[in-house]
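Enquirer: prediction below, plus the sequence it came from.
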Amino acid sequence: QVQLVESGGGLVQAGGSLRLSCAASGRTFNRYDMGWFRQAPGNEREFVAAIRWTGGSTYYADSVKGRFTISRDNAKNTLALQMNGLKPEDTAVYYCAAAVYYTRDLGSPTFYSYWGQGTQVTVSS
């Protein structure tokens, strides 16, 4: 069992930055690939970024590439998402998620077993 708790969301002006954090419980966090997803009202949950358990490989949605950076600290059981150059279209609830089993498709929410409760990010124009 893994519990995930996100923090760091808030209201920011366009062009600003936020850093989201995800604190994980459990001793096996460092064995899980991790991802960030987001969901805006009326939209499906969409992939934002993912990172392999080693931290050696990262993946990004085209819409955030070059602006967002995913990272992890396995010693502290934490996952982070640094978001720069925020745009109004980045407004959504952001979720961190853990993939217990290996998958090549880290962009699909189907392959994630554990989810946090989400943190709201609102970007004003």
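Expert: That came through fine.

Enquirer: give me the pLDDT value at the closest residue to Ala80 other than its chain neighbours.
Expert: Nearest residue to Ala80 in three dimensions, chain neighbours excluded: Ser71, at 5.0 Å (C-beta to C-beta, 6 or more residues apart in numbering). No exception for glycine: its C-beta is placed from N, CA and C like everyone else's. With respect to pLDDT, Ser71 has a value of 97.

Enquirer: equivalent analysis for the one 10 residues further on, please.
Expert: The pLDDT attached to Leu81 in the predicted structure is 98.

Enquirer: where does it sit, in terms of helix or strand?
Expert: With elements taken from DSSP states H and E, the one containing Leu81 is strand 78-83.

Enquirer: render the CA-only coordinates of that strand in CSV, please.
Expert: Coordinates of the C-alpha atoms in strand 78-83 are reproduced here as CSV (Å, rounded to 0.1, in the frame of the first residue of the first chain):
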residue,chain,number,x,y,z
THR,A,78,9.2,12.6,-2.5
LEU,A,79,8.3,13.5,-6.1
ALA,A,80,8.3,17.1,-7.4
LEU,A,81,7.1,19.0,-10.4
GLN,A,82,8.7,22.4,-11.1
MET,A,83,6.4,24.4,-13.3
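
Enquirer: list the buried residues in that strand.
Expert: Going by neighbour count (16 or more other C-beta atoms under 10 Å), the buried part of strand 78-83 is Thr78, Leu79, Ala80, Leu81, Met83.

Enquirer: what about the closest residue to the fourth one other than its chain neighbours, neighbour count?
Expert: The one in question is Leu81. Nearest residue to Leu81 in three dimensions, chain neighbours excluded: Leu20, at 4.3 Å (C-beta to C-beta, 6+ apart). Taking other C-beta atoms under 10 Å as the neighbour definition, Leu20 ends up with a count of 25.

Enquirer: name every strand pairing with the strand holding Leu81 and say which way it goes.
Expert: Strands adjacent to strand 78-83 in the sheet, as given by DSSP bridges, are strand 18-24 (antiparallel), strand 68-73 (antiparallel).
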